[in-house]
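>>> How does the following fold in three dimensions:
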Amino acid sequence: MTVPIPTKVHYHRKERELELTYAEGESYRLSVEYLRVFSPSAEVRGHGPDSATLQVGKKDVGLKNITQTGRYALKLHFDDGHDSGLYSWDYLHDLIRRREANWADYLRRLEEAGASREPLGIEIKQL
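Residues are numbered from 1 along each chain as shown. All right, here's what the predicted structure looks like:
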């Protein structure tokens, strides 16, 4: 089965959501927080099943930029400085399909760790 490729990618800055539209007319919105905490990077996922790093305090994260990598992926540049990991069309489609289960699991892991989605402090951006 071939994974569909979006015909349009749009970032809704105010809502902090990435919208993926497909040729069949289907459109899906994924929160930037969801995309950030499920980044495919080794920094987040680790190098094995037990080495993933729980991402905390990402509720207000946004995107600075989106770049296409070849014909197979997007690179998302988050405003918290994270920009490693490529979001292949297959991985994005998987995030769409498994959104509810992934999010429920993430919230469970946060609770077990006594952690929060809320940022840990005041972010100071360089002027």
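>>> list the helices and strands the longest helix seen in the chain packs on?
Ordering each helix of the chain by length in residues (DSSP state H) puts helix 99-113 first. Contacts defined by 3 or more C-beta pairs under 8 Å, 6 or more residues apart in numbering; DSSP states H and E place helix 99-113 against helix 32-37. The way it works is simple: take the backbone N, C-alpha and C, and place the C-beta from them, glycine included.
>>> Which helix or strand lies directly C-terminal to the helix it packs on?
Sequence order places helix 42-45 as the next helix or strand after helix 32-37, per DSSP states H and E.
>>> Buried ones in that next one, by neighbour count?
V44 (16 or more other C-beta atoms under 10 Å).
>>> send the alpha carbons of that helix over as PDB?
Output of helix 42-45 as PDB, limited to C-alpha atoms (Å, rounded to 0.1, in the frame of the first residue of the first chain):
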ATOM      1  CA  ALA A  42      17.100  10.300  17.600                       C
ATOM      2  CA  GLU A  43      17.100  13.100  20.200                       C
ATOM      3  CA  VAL A  44      13.400  12.300  21.100                       C
ATOM      4  CA  ARG A  45      13.000   8.600  20.000                       C
END
